[in-house]
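1. Sharing a model prediction with you, sequence too.
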Amino acid sequence: MSSHPPASALNLGVNIDHVATLRQARYAPDLDAHNAEPSLLAAAHEAEAAGADSITIHLRFDRRHIQDRDVFELRRGIHTKLNLEMGNTPEILAVALEARPDFVCLVPENRREITTEGGLNVANADTSLERTVKALQDRGILVSLFVDPEPQQILASARIGADMVELHTGAFANAAPDGGEAEFLLLREAAILAAGEGLQVNAGHGINLVNLVKLMRVPHLAELNVGHHLVARGVFLGLSRAIRDFKMLMGSYPLG
């Protein structure tokens, strides 16, 4: 019997930022140390072998976990697709344009936050956001916007020419262990609207094995981006097992 999870209509992007967090806790001053660990490339390869459809990393302005060199090493070394999360800043845009990941997900970035706390305000964004989207697309990079499940944000994302939206599932995940019902309904309606506008619909933030069951009732989902839960569960079970378990449950999408 194969140990691989079944094929799913729903893809999984594995975020390995917190593998880098562990590395930076000890080796931040000297990433060239011969024994610097854990290796992000090794983590990416393990994730791919376990069924990851893409590898996600967030190059933050403060470089708290992922470093510029990681972006290029992963771009060269992985076998699946690379999804780069980034704020809309000229410095990070320059890295993206040089590295040419398969996807970029533009996210809001507050330097004092622990992790991304909400979606982009696309509806009220200045023209630099649209220019960044076009610059990335001109390099052959597909662009996603990380947005809250609000109609005005979905419509604005379509208006400025994004290829995808990633629905922020943080409020859904925080509302109840299995996901909040009111927040689920917002996600459902946002996904329907986004698909109707011709946008690919992804989702991410706070997703785990418990709330995944309800989340998979949201239609039109193409990819989930999951990181913290998989790395945390991997501490006890191994990253590969954590990913395989997640992919196994995802195999029932779409329901019915």
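-> All right, it came through fine. Numbers count the residues shown, from 1 in each chain.

2. C-alpha from now on. contacts and neighbour counts both.
-> OK.

3. Which pLDDT value goes with residue 35?
-> You'll see residue 35 listed with a pLDDT of 82.

4. what about it, how many residues close to it?
-> 9 (other C-alpha atoms under 10 Å).

5. separation between it and residue 27?
-> 9 Å (C-alpha to C-alpha, to the nearest Å).

6. Where does the prediction get shaky in the stretch 1-150 of the chain?
-> Within the stretch 1-150 of the chain, the stretches with pLDDT under 70 are 1-8, 110-117.

7. Would you map the helices across it?
-> 17-27, 40-49, 68-77, 90-99, 127-138 (DSSP state H, counting those that start in this stretch).

8. Show me the one of the ones you listed that comes nearest residue 240.
-> helix 40-49 (6.1 Å; C-alpha to C-alpha).

9. Quick check: buried residues in that closest one?
-> Residues of helix 40-49 classed as buried: 40, 41, 43, 44, 45, 46, 47, 48 (neighbour count, 16 or more other C-alpha atoms under 10 Å).

10. Please apply the same query to stretch 84-95.
-> Of the residues in stretch 84-95, those buried (16+ other C-alpha under 10 Å) are 84, 85, 86, 87, 88, 92, 93, 95.

11. In CSV: these, plus distance to residue 73.
-> As requested, these are exported to CSV (distance: C-alpha to C-alpha, whole Å):
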residue, distance to residue 73
84, 13
85, 16
86, 17
87, 20
88, 22
92, 16
93, 17
95, 13
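
12. List the beta-bridge partners for the spatially most central residue of the chain.
-> Geometric centre of the chain, nearest residue: residue 225, 3.8 Å, by C-alpha atoms, centre = their mean. Listed by DSSP bridges, the beta-bridge partners for residue 225 are residue 13, residue 204.

13. ok, back up a step: tabulate the helices of the stretch 1-150 of the chain (a markdown table), appending distance to residue 241.
-> Shown next, in a markdown table, are these (distance: least, C-alpha to C-alpha, whole Å):
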| stretch | distance to residue 241 |
| --- | --- |
| helix 17-27 | 16 |
| helix 40-49 | 10 |
| helix 68-77 | 22 |
| helix 90-99 | 30 |
| helix 127-138 | 35 |
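
14. so which of those helices gets nearest residue 213?
-> Of those, nearest to residue 213 by C-alpha to C-alpha is helix 40-49, at 21.5 Å.

15. Contacts for that closest one next, please.
-> Contacts to helix 40-49, defined as C-alpha atoms under 8 Å, 6 or more residues apart in numbering, come from residues 14, 16, 19-20, 54-55, 70, 73-74, 77-80, 239-240, 243.

16. and residue 211, what is it in contact with?
-> 173, 177, 178, 179.

17. what's in contact with the helix or strand harbouring the first one?
-> To tie it back to what came earlier, the one meant is residue 173. Here residue 173 sits within helix 170-175, counting by DSSP states H and E. With contact meaning C-alpha under 8 Å, 6+ apart, helix 170-175 is reached by 117, 118, 179, 180, 181, 183, 184, 204, 205, 206, 207, 211.

18. Would you mind pulling up the elements that the helix or strand that comes right after it packs against?
-> On the C-terminal side of helix 170-175, the nearest following helix or strand under DSSP H and E is helix 181-196. Using 3 or more C-alpha pairs under 8 Å, 6 or more residues apart in numbering; DSSP states H and E, the elements in contact with helix 181-196 are helix 151-159, strand 164-168, helix 170-175, strand 200-204.
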